[in-house]
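# Just a sequence and a predicted model for now, questions to come.
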Amino acid sequence: MVVWAAFLAAVACIWLSRHITIWRGQRMVETLTADDSDGWPADAPFVSVVLAAKDEEANIETAVRTFLEQDYPSFEVIVVNDRSTDGTAEVLERLRSEQPDSRLKVLCVDELKEGWFGKNNAMREGVAAARGQWLCFGDADCRQTSPRSLSAAVRYATDHHVEFLSVLPNLENHTVWERIIQPACSAVMVFWFPPMRVNDPFCKEAYANGAFMLLSRDCYEAIGGHAAVRAEVNEDMHLARLCKEKGRRLYVIQNDGLYTVRMYSEFGQIWSGWSRIFYGCFGTFRRLAVTLRMLLLMNVFPYASFLIALGALFAWGWSGLDFGWRCVLIASSAAIAAQQSVIARFYKLSRVHPAWTPTFIVGVVICVGMLLNAMRRLGGRATTTWRGTTYRADEVVEAS
């Protein structure tokens, strides 16, 4: 019992130490705002914004319009309609007819190129038509909340000699499941890819979020472009890895008021989407297993211990508990309190209301299920269906 309690005390200490990690991260990882973009000279580098849209009738108009409203002086927006079967094509045609200055280009992909995954193939088509010295890749479900998003990103990249800049999104969480699960999933990603290590050129950790990635064309070509990740589910992570391997300057930065994204709205979408992300990002059974053990030991174990000790307290009363049980009850309570204090700070930084902090353990339990699902997929025994295309391992099983 004493060993059990000692382990719980160690867990509490580890959680408390993460306050230091958060503090260091706040000091070392910058936040990009609209104020970070001043006026541009006439020779501002030309930027090509490339968006892929697969059955995005509900989102694509907002994504395109908010990019077209950017105040950056020299850019184009290229949207690739990737085999959509809904009204995406009609929305894009209407938007194109409203742009007399031809800043908007719309391309159509009718079939999937052999050996390529859907989004990667669409982005390849977009880049082939792009004229920019810089390439900005985004998602069709993003909404630019500031007209200076592009200006701020390009200004930061050019001023700081960054060749691959990933501006992290602010997540929109509207439903109960979004508010419970997505912050927990984000915490898992931060554990493996802490921004301050990603931004350190001497650390191997590499991370990027495909919602907003700005690359110089020279960097994009040097790392092999989307051809180098043609059969990868999470192409953004693999492009970031290649960037670091090639010795190019990779940087991730938070955003304040520039853009938002609502990743998923229903439980089934969240389960499928984050299982796919874990599967694609971690890539090996070992890393998935380590993440699973970390979640169980650091999160589930203290709560399970507390419930067991609480049951003993109800059964025997405080006076009836021996020294070991009292130590377990106190240590598990301390571990939970330490965890909650850290998660409250993390939620505040992630713009999640701290009132949702107590639900973190529910999100963790669901994350455990998604990690197990990702491990099953990694073994090749399951398929991943995304936007109407079914994949198994590194091949397309069925394309629609």
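Received, thanks.
# buried residues in the helix or strand hosting residue 281?
Residue 281 belongs to helix 267-282 when elements are defined using DSSP states H and E. Buried residues in helix 267-282, counted by 16 or more other Cβ atoms under 10 Å: 270-282. Any C-beta I mention is one placed from the backbone N, CA and C, and that applies to glycine too.
# which strands and helices sit next to it?
helix 176-192, helix 285-295, helix 360-378, strand 384-386 (3 or more Cβ pairs under 8 Å, 6 or more residues apart in numbering; DSSP states H and E).
# now do 10 Å
Helix 267-282 sits against helix 176-192, helix 235-245, helix 285-295, helix 360-378, strand 384-386, strand 389-392, with contacts defined as 3 or more Cβ pairs under 10 Å, 6 or more residues apart in numbering; DSSP states H and E.
# most tightly surrounded among the ones you listed?
Across the helices and strands packed on helix 267-282, averaging neighbours per residue (mean count of other Cβ atoms under 10 Å) puts helix 235-245 on top, at a mean of 22.
# send the alpha carbons of the helix or strand that comes right after that one over as CSV?
The helix or strand immediately downstream of helix 235-245 is strand 250-255, counting by DSSP H and E. Extracted in CSV, the C-alpha atoms of strand 250-255 (Å, rounded to 0.1, in the frame of the first residue of the first chain):
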residue,chain,number,x,y,z
LEU,A,250,10.6,25.0,-39.0
TYR,A,251,8.5,27.1,-36.6
VAL,A,252,5.1,26.7,-35.0
ILE,A,253,3.3,29.7,-33.5
GLN,A,254,0.1,30.3,-31.7
ASN,A,255,-2.5,32.7,-33.1
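# Between helix 235-245 and strand 250-255, find me the angle.
Strand 250-255 runs at 130 degrees relative to helix 235-245, counting by axes from the mean of the first three to the mean of the last three Cα atoms, to 10 degrees.
# Strand 250-255: partners in the sheet, and parallel or antiparallel?
Strand 250-255 has the following sheet partners, assigned by DSSP bridges: strand 31-32 (parallel), strand 164-167 (parallel).
# List the buried residues for that strand?
In terms of neighbour count (16+ other Cβ under 10 Å), strand 250-255 has its buried residues at 250-255.
# How about stretch 98-110?
For stretch 98-110, a neighbour-count test (16+ other Cβ under 10 Å) marks 104-107, 109 as buried.
# do the same with stretch 150-169
150-158, 162-169.
# Tell me how far that stretch lies from the chain's centre.
From the chain centre to the centre of stretch 150-169 is a distance of 17 Å (Cα atoms, centre = their mean, to the nearest Å).
# Dump it to PDB, keeping only the CA atoms.
In PDB, the C-alpha atoms belonging to stretch 150-169 read as follows (Å, rounded to 0.1, in the frame of the first residue of the first chain):
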ATOM      1  CA  LEU A 150      -1.800  36.300 -44.200                       C
ATOM      2  CA  SER A 151       0.100  39.600 -43.700                       C
ATOM      3  CA  ALA A 152       1.000  38.700 -40.100                       C
ATOM      4  CA  ALA A 153       2.200  35.200 -41.100                       C
ATOM      5  CA  VAL A 154       4.300  36.400 -44.100                       C
ATOM      6  CA  ARG A 155       5.700  39.300 -42.100                       C
ATOM      7  CA  TYR A 156       6.800  36.900 -39.300                       C
ATOM      8  CA  ALA A 157       8.300  34.300 -41.600                       C
ATOM      9  CA  THR A 158      10.300  36.800 -43.600                       C
ATOM     10  CA  ASP A 159      11.500  38.900 -40.600                       C
ATOM     11  CA  HIS A 160      12.600  35.800 -38.600                       C
ATOM     12  CA  HIS A 161      14.000  33.800 -41.600                       C
ATOM     13  CA  VAL A 162      11.500  31.000 -41.100                       C
ATOM     14  CA  GLU A 163      11.000  28.700 -44.100                       C
ATOM     15  CA  PHE A 164       8.100  26.700 -42.800                       C
ATOM     16  CA  LEU A 165       5.700  28.400 -40.500                       C
ATOM     17  CA  SER A 166       2.700  26.600 -39.000                       C
ATOM     18  CA  VAL A 167       0.200  28.900 -37.400                       C
ATOM     19  CA  LEU A 168      -1.700  26.900 -34.900                       C
ATOM     20  CA  PRO A 169      -5.500  27.100 -35.000                       C
END
